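[1] Give me a model of this one.
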Amino acid sequence: MRRATPKLAVSILAVMFLVVGLPELRSQAIDWSSPAARQEMQGFQQFLANHPWIANQLREDPSLANDPRFLHRSPELPQFLNAHPFVQPSIKADASGVMSRAQQGGSTSQNSAANYKEMQDFQHFVSDHPWIGGKLRENPSLANDKGFLKGAHELPEFLNSHPYVQSQIRADPNGFMKRAQAFAAEAPRPGADDAHASDYESLKLFQENHQRIADHLKEDPSRATSKGFLNQNKELREFLEAHPYLQDQFKQDARRTIDQALQPGGEYL
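    Sure thing, here's the model as predicted:
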């Protein structure tokens, strides 16, 4: 019996690894029917609608979403992806498939659950950033002022990951701020707390996609509130800017916030 040549042995091993790895790849596939994943896809559709140049480039060549040079020229896209842990790994694995799914439906309607959650997030954002909130209430047009945005970098990072709020505040900053104040005065809708479950689900997936950051947070959850740690880990900073509820929860009780995200199911309080 002839012994397998080195080349043949390598080929056999490669096939074995591929076959063994397939179940793992399948198990990591995103369930786009889940509420959090659906919201992220709706957000991606809105993002594409608000950034037509980026959208056109991605439609022509979806692989650009994983091209460092393109991402450097289009900083809004990596900021959005860092804040959306369902879309980000999917577009890394299958950019064409994600773009195809995004083009199957238009942007969300003004009364959709995804847009309602963005308005909730905006309320948390201005609460967590009182100086920015005060300035916007005094002069809403500052939201479109490049000088102001440069000095308040948290705002453009938030807007780039919240395409509905971004489009509304660009089109009519005064009208949007009036609607935002009216929104804050409304009583919470039944089931509004469900949005928090989506936040924790997103945090869990973010940690799965950023294992090094996750390990550091498990060791010391308070790192999520450390400016030094956040500056060294911009993915986490951009994620938290896009999820102000979680940002606030980390400030209140960092250990409990991490534990909530690690729960396999159940309620998120």
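[2] What are the boundaries of the helices in the stretch 51-200 of the chain?
    For the stretch 51-200 of the chain, helices defined by DSSP state H, counting those that start in this stretch occupy the ranges 52-60, 68-73, 76-82, 87-93, 95-102, 113-128, 130-138, 146-151, 154-160, 163-171, 173-185, 194-209.
[3] Let me know which of these is the nearest to Pro35.
    With CB to CB, the closest approach to Pro35 among the helices of the stretch 51-200 of the chain belongs to helix 194-209: 5.7 Å. All C-beta atoms are positioned from the backbone trio N, CA, C, and that covers glycine.
[4] Just list what that closest one packs against, helices and strands only.
    helix 35-50, helix 87-93, helix 113-128, helix 211-219, helix 234-242, helix 244-262 (3 or more CB pairs under 8 Å, 6 or more residues apart in numbering; DSSP states H and E).
[5] Would you mind putting those helices into TSV with mean neighbour count, mean pLDDT and distance to Glu201 alongside?
    Output for the helices and strands packed on helix 194-209, formatted as TSV (neighbours: other CB atoms under 10 Å; pLDDT from 0 to 100; distance: least, CB to CB, whole Å):
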stretch	mean neighbour count	mean pLDDT	distance to Glu201
helix 35-50	22	85	4
helix 87-93	20	91	14
helix 113-128	21	85	12
helix 211-219	14	92	15
helix 234-242	23	89	13
helix 244-262	18	87	8
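[6] Make a markdown table from those helices and add distance to Leu149 to it.
    Output for the helices and strands packed on helix 194-209, formatted as a markdown table (distance: least, CB to CB, whole Å):
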| stretch | distance to Leu149 |
| --- | --- |
| helix 35-50 | 15 |
| helix 87-93 | 24 |
| helix 113-128 | 14 |
| helix 211-219 | 26 |
| helix 234-242 | 13 |
| helix 244-262 | 17 |
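[7] so which of those helices comes closest to Leu81?
    Comparison of those against Leu81 by CB to CB identifies helix 87-93 as nearest, at 4.3 Å.
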